[in-house]
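Undergrad: Dropping a prediction and its sequence here:
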Amino acid sequence: MEIKLKTGILNLEKNDKLLDLTGFSSRINKKRGFLFISKVLGKHIPCRPTFMEKIYLELADKIKKQLNDKPSLVIGFAETATSLGNGVYEKLNLDNSFYIHTTRYKTSKKVLVDFKEEHSHAPSQFLYFPEDLELVEMIDKIENIILVDDELTTGKTIENIVKQLKINLPHVKNYYFVSILNWINKPIENNYIHIYKDTFDFESYELDIDENIVSETIEQKNLDEIIPYNFGRFGIKKINYDFETLLHSKNLSISEIKDKKILVLGTAEFMYLPYKFAYYLEENGIKVYYQSTTRSPINIDGDILSKIQFKDNYFENIDNFLYNVIDKEYDYIFVCYETTLTPENHNLIDLLEDKKYSFIIESFNFSLEQYLMD
C-alpha cells in the first residue's frame with residue numbers, strides 16, 4: 001500500500017486491522033516526515049470513549065499474565081499516550097502498582113529521570129519521582145516497569161528512558177513495552193506487547209519546514225501554581241471524580257444534553273480524566289466523542305482534514321493545534337483544563353466560538369478540589 005503524503009511516500013502492507021487502528025498524515029518536522037494518525041487514541045481524530053476502552057482492555061489482557069502480580073509501575077509517554085498509559089494501568093487492576101506519566105512541564109518536584117524523544121518536535125521529557133509517601137515506599141519494591149506508548153517506530157525513545165531507569169532503579173527485574181502499533185524493524189522479544197506489528201519504509205522529499213513554530217519553551221518556568229494538582233504526573237493509584245457535579249457547575253445535566261452531539265476535548269498532556277468524563281457521558285446515553293489538543297505540528301494532509309493553531313494554556317507560549325474538529329458538526333464542545341489559569345494569549349475558545357463553526361463551548365476546570373472524591 002502506497003500512501004502519498006506532502007513530505008514523501010509511505011509504503012506498507014495493506015491490512016484491514018491496521019486501517020481500523022490508524023490513518024496517515026505528514027509532520028512539519030525535519031526529523032520525521034510521516035505520522036500515524038490513530039483512530040483509537042483520542043488525540044488527532046475524534047473517537048468514541050468505548051472504543052478507547054476496548055484498546056486499554058486488549059493491551060492489558062495481553063500483558064497481565066506476564067506480570068505475575070509482582071509490584072509494578074506503569075509509565076505512559078507524554079503527550080500522546082498519557083491517557084493510553086493510565087487506561088492500561090486501570091485495566092490491569094493490580095494491587096501492588098501505580099501509574100505515572102512523563103511530561104514536558106517543569107515543576108519544583110524531584111526528577112527521577114530526564115531523557116530525549118529524539119525524533120520529536122519537542123524532544124525534552126521528564127519523569128518525576130512520586131510525591132505520595134505510599135508510592136515512594138512502593139518504588140523501591142517495583143519488579144516490573146511497563147512503558148506504554150501509542151506506537152513504537154525505532155525503539156530509540158524507550159532505549160533512552162530505560163537506560164536512565166536502570167541507573168536510578170537498579171532493582172527492577174523486568175521491562176515491558178506496550179503499544180498499539182509496533183514498527184520496530186528487528187526481532188521482537190516477548191516483552192514487547194502490541195495490537196499490530198509490521199514494518200514500513202518512507203521515501204522522504206526535500207522540503208522547506210516552517211521554522212516559526214514554537215514547540216519547546218525558550219525559558220523553563222516553574223509551573224507549580226499553574227499545575228498544582230496531580231492527575232498522573234507525580235504518580236497515582238486512582239482518581240475518583242464527581243462528573244455529575246462538574247456538569248451542574250455549568251448548569252447542565254444529562255437529561256438536558258441527552259439528544260445532543262458532544263465533543264469532549266482534553267488539553268495537551270491532560271487526557272485521561274477528560275476521557276473518563278466522556279466515558280461517563282457515553283455510559284449515560286450521550287452521543288459523545290473524545291480527542292485532545294496537541295503541540296504536534298502536522299500538515300493538513302491525509303487523515304488530517306482541518307486544524308486551528310493557538311498558544312498553549314500552560315503559560316509557556318508553545319504553539320498548540322487542534323485537528324479534525326472545525327470540519328465536523330457538534331452541538332457542544334466541552335474543553336477540559338488542568339491548569340488553574342489560562343494566559344491571555346490562549347485563544348482556543350475564542351477560535352471555537354467563531355460563528356462559522358456554530359459550536360456551543362463550555363470550559364471545565366478540573367483543578368477545582370470540590371470535584372475530587374475520596
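TA: Arrived safely.

Undergrad: give me the low-pLDDT residue ranges for this protein?
TA: Along the chain, the parts satisfying pLDDT under 70 run over 117-123, 210-211, 374.

Undergrad: so where do the strands sit in the stretch 151-300 of the chain?
TA: In the stretch 151-300 of the chain, the strands defined using DSSP state E, counting those that start in this stretch lie at 174-182, 192-197, 200-204, 240-241, 261-266, 287-292.

Undergrad: now for the second one, which elements pack on it?
TA: Same thing as strand 192-197. Secondary-structure packing of strand 192-197 (3 or more CB pairs under 8 Å, 6 or more residues apart in numbering; DSSP states H and E): helix 16-21, helix 49-67, strand 174-182. Heads up, the C-betas are built off the backbone N, CA and C, glycines and all.

Undergrad: Tell me the strands beside that strand, with direction?
TA: Here strand 192-197 has these sheet partners by DSSP bridges: strand 174-182 (parallel).

Undergrad: that older thread, can you add distance to N15 and mean neighbour count and give the strands of the stretch 151-300 of the chain back as TSV?
TA: As requested, those are exported to TSV (distance: least, CB to CB, whole Å; neighbours: other CB atoms under 10 Å):
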stretch	distance to N15	mean neighbour count
strand 174-182	11	21
strand 192-197	8	18
strand 200-204	11	14
strand 240-241	38	12
strand 261-266	29	24
strand 287-292	24	24
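
Undergrad: For E79, find the nearest of those strands.
TA: strand 287-292 (8.1 Å; CB to CB).

Undergrad: what's in contact with the closest one?
TA: Around strand 287-292, the neighbours that count as contacts under CB atoms under 8 Å, 6 or more residues apart in numbering are 42-49, 52, 83, 260-268, 270-271, 274-275, 278, 281-282, 323-325, 330.

Undergrad: just the buried members of those?
TA: 42-49, 52, 83, 262-268, 270-271, 274-275, 278, 281-282, 323-325, 330 (16 or more other CB atoms under 10 Å).

Undergrad: Point out the ones among the residues you listed that are inside helices.
TA: P49, M52, S83, P274, Y275, A278, L281, E282 (DSSP state H).

Undergrad: any idea which of these is closest to N347?
TA: P274 (19.8 Å).

Undergrad: Would you convert the ones in helices among the buried ones among the contacts of strand 287-292 into TSV that also reports distance to D69?
TA: Formatted as TSV, these follow (distance: CB to CB, whole Å):
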residue	distance to D69
P49	29
M52	26
S83	25
P274	31
Y275	27
A278	31
L281	34
E282	31
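
Undergrad: quick one: which of those is nearest Q220?
TA: Q220 lies nearest to S83 out of those, by CB to CB, at 25.1 Å.
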